[in-house]
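Q: Generate coordinates for the sequence data below:
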Amino acid sequence: MKNFSVKVLCEIAIFAAIGFVLDILQSGIWKGAFVNGGSIGVAMVPVFIISYRRGLVPGIICGLLLSLVQMMGGIYVINASSGWRGTVGPFIQIMLDYVLAYTVVGVAGAFSGMYKKGDKKVQLIAIIVGCVIGGLLKYASHVLSGGLFWLGDGSYKFMGVADSSWLYSFVYNGAFSIPNIIICTIIMVIIAKFYSQLLNPDDTTGRAKEIDDLNTGYADKEGIE
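A: The predicted model follows:
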């Protein structure tokens, strides 16, 4: 790909690293709040930024890299003694809860072109729709894992819902996934409004424009064309 320069690869790595640090911080803050895992925070934001900044593929790669680095900190898998859950179950759990969880967030990059080419109203729509879709895909990944592997015998309840039905997976994972989507979308809207250069590497506003103006002024002063 012609757009896959060393600079882009470095940006992907940097934003994945930032996402990992944020994920560690929010996991520590919310440790114990969700018995089966989960936390509320802004770890999706770096993936969203690179997704709008560089597009779909870099966004997905950034999310995948974040997922793989996160797994280095440890994973937890429920083992079944028989049936398909005992054979391919652990692999599917890892894919849903770890590998795909942040990777699918990069799907927001599909709206990168819409954001960069649209007016302010279109840009706002692109940010909101992309972030919500990316966040919902992550939510769906956790719901599938919860419904397939984490359901119990009904002895435990979360927000009044017993852990023996798929509804439990929707409610439990929604308790942290929905706030994450809302918080991260709001932050992305703020970034798009006040720090748009983060989402557009070709943006000449801000410091880059100041440097251009200084160079132009210097050239005019010296009589340089």
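Q: Quick check on the residue nearest to the spatial centre of the chain: phi, psi?
A: Most central in the chain under Cα atoms, centre = their mean is M44, positioned 3.0 Å from the mean C-alpha point. Here the main-chain torsion angles of M44 (degrees, to the nearest 10) amount to phi -80, psi -20.
Q: How about it: what's its closest non-neighbour residue?
A: The shortest distance from M44 to any residue other than its chain neighbours is 4.6 Å, reached at C184 (Cβ to Cβ, 6 or more residues apart in numbering). No exception for glycine: its C-beta is placed from N, CA and C like everyone else's.
Q: Measure how buried that neighbour is and give me the count.
A: 24 (other Cβ atoms under 10 Å).
Q: my guess is the residue nearest to the centre of the chain contacts L136, does it?
A: No: contact between M44 and L136 fails when scored by Cβ atoms under 8 Å: they sit 11.4 Å apart.
Q: shared neighbours, those two?
A: Taking Cβ atoms under 8 Å, 6 or more residues apart in numbering as the contact criterion, M44 and L136 have no common neighbours.
Q: in this protein, which spans are helices?
A: In the chain, helices defined by DSSP state H lie at 6-29, 45-54, 56-71, 84-87, 89-94, 100-103, 112-117, 120-149, 166-194, 207-222, listed in chain order.
Q: would TSV of those with distance to N200 be doable?
A: What follows is these, written out as TSV (distance: least, Cβ to Cβ, whole Å):
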stretch	distance to N200
helix 6-29	13
helix 45-54	7
helix 56-71	14
helix 84-87	46
helix 89-94	35
helix 100-103	23
helix 112-117	6
helix 120-149	10
helix 166-194	9
helix 207-222	11
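Q: picking up where we left off before, mind checking how far the residue nearest to the centre of the chain is from T185?
A: Going from M44 to T185 by Cβ to Cβ, to the nearest Å gives 9 Å.
Q: contact partners of stretch 168-178?
A: 30, 34, 36, 38-40, 135, 138-139, 142-143, 145-147, 150-151, 158-159, 161-163.
Q: Give the buried residues for that stretch.
A: Y168, S169, F170, V171, Y172, N173, G174, F176, S177 (16 or more other Cβ atoms under 10 Å).
Q: so how far is stretch 135-146 from its chain's centroid?
A: Centre-to-centre, stretch 135-146 and its host chain are 13 Å apart (Cα atoms, centre = their mean, to the nearest Å).
Q: Mind pulling up the pLDDT for G37?
A: The confidence metric pLDDT takes the value 85 at G37.
Q: That should have said G206, apologies.
A: You'll see G206 listed with a pLDDT of 46.
Q: again with Y156
A: Y156 is assigned a pLDDT of 89 by the prediction.
Q: residues in contact with it?
A: V35, A162, D163.
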